[in-house]
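Trainee: structural data only, the sequence is not supplied:
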């Protein structure tokens, strides 16, 4: 079953095939059909949630919202509800840190997409790599620096490193590093030669990451055409220095992931067995 629970077990050929199909959707050439997709969101970033729902609609898949607050949509009852719903849905997209059991070891009868959980956020990693692809660059050839403490998104980047052979480093203090990534506690040194710099909301570890803000002068050591891409949500003055806001070379801008809907169309089509 073509689930997307983690990026573990993926290969570069899988990524290439997904991006080829996403390119077709970006050019309005991809296959569409009829069906439905269940959306169980409580913690998905707003942009990710909106892009997934838009992608479903463009594919001809009716989005069905399954709020965890609805009767029967919590605990063991939810598993039985979803098992029955799987007769009518082509995929189930889940973003809820409390529903790890649905992502690991539970057979629901329909492909499951992890749109954000306590263990990973693979959709956002794929969307970031596809955004690089859409600039005409090879995402597998970039030196990537993730400026963030350990957490679900960093875990997914660690899986991408193993699965796709990416050159990824984590920039953070030693005590909040992810064991799946090489890291450098010196931000300036970590940025040397980077082609893509990804920043992540530090959450409860903001104090530990206080000295890891990207300053304009740090970009002198990156690749000349380095892409600085803050993951949403982000805050000026925390992940990125305010001075970068008006510098077109300082960060990618709000339209960098504008083709994310095409990527999610390809992902849902894969789940539906159309690609």
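Mentor: Alright, I've got the coordinates. Quick caveat: nothing in here was measured; it's all calculated off a predicted structure.
Trainee: so what does residue 36 have for phi and psi?
Mentor: Backbone dihedrals for residue 36, given as degrees, to the nearest 10, come out at phi -150, psi 150.
Trainee: what comes up buried for stretch 6-26?
Mentor: For stretch 6-26, a neighbour-count test (16 or more other CB atoms under 10 Å) marks 6-7, 10, 15, 18-19, 21-26 as buried. C-betas here are computed from N, CA, C, even on glycine.
Trainee: what's the spacing between it and its chain's center?
Mentor: Relative to its parent chain, stretch 6-26 has a centroid offset of 13 Å by CA atoms, centre = their mean, to the nearest Å.
Trainee: got the contact list for it?
Mentor: Residues from elsewhere that reach stretch 6-26, judged by CB atoms under 8 Å, 6 or more residues apart in numbering: 30, 58, 114, 119-120, 122, 125-126, 129-130, 133-134, 140, 156, 159-160, 162-165, 259, 261-263, 265-267, 269-270, 275.
Trainee: out of the buried residues of stretch 6-26, who's nearest residue 200?
Mentor: residue 7 (16.2 Å; CB to CB).
Trainee: can you pull the pLDDT of the residue nearest to the closest one when sequence neighbours are not counted?
Mentor: In space, and not counting its chain neighbours, residue 7 is closest to residue 159: 3.9 Å by CB to CB, 6 or more residues apart in numbering. In this model, residue 159 is scored at 97, pLDDT.
Trainee: quick one: residue 159 from residue 126, how far?
Mentor: For residue 159, the distance to residue 126 equals 11 Å [CB to CB, to the nearest Å].
Trainee: these two: which has the busier surroundings?
Mentor: More crowded of residue 159 and residue 126, by other CB atoms under 10 Å: residue 126, with 25 against 18.
Trainee: picking that back up, mind listing which of the contacts of stretch 6-26 are in strands?
Mentor: Using DSSP state E, the subset of the contacts of stretch 6-26 located in strands is residue 114.
Trainee: for residue 271, what are its contacts?
Mentor: Taking CB under 8 Å, 6+ apart as the criterion, residue 271 is in contact with 2-4, 90-91, 111, 113.
Trainee: for those residues, which entry has the maximal number of neighbours?
Mentor: Most crowded among the contacts of residue 271, counting by other CB under 10 Å, is residue 91 at 28 neighbours.
Trainee: quick check on that one: phi, psi?
Mentor: phi -160, psi 160.
Trainee: leaving out chain neighbours, which residue sits closest to it?
Mentor: residue 271 (3.9 Å).
Trainee: quick check: the gap between residue 26 and residue 262.
Mentor: In terms of CB to CB, residue 26 sits 4 Å off from residue 262.
Trainee: please spell out the PyMOL selection for the buried subset of the contacts of stretch 6-26.
Mentor: Selection of the buried residues among these in PyMOL, burial being defined by 16+ other CB under 10 Å:
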select buried, resi 30+58+114+119+120+122+125+126+129+130+133+134+140+156+159+160+163+164+259+261+262+263+265+266+267+269+270+275
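Trainee: and the contacts of residue 271, which of them are in strands?
Mentor: 91, 113.
Trainee: just checking, residue 274 touches residue 35?
Mentor: No - if you go by CB atoms under 8 Å, residue 274 and residue 35 don't touch, sitting 9.6 Å apart.
Trainee: residues in contact with the residue lying closest to residue 174 once chain neighbours are set aside?
Mentor: Distances taken as CB to CB, 6+ apart place residue 185 nearest to residue 174, at 5.4 Å, with adjacent residues excluded. In this structure, residue 185 makes contact with 171-174, judged by CB under 8 Å, 6+ apart.
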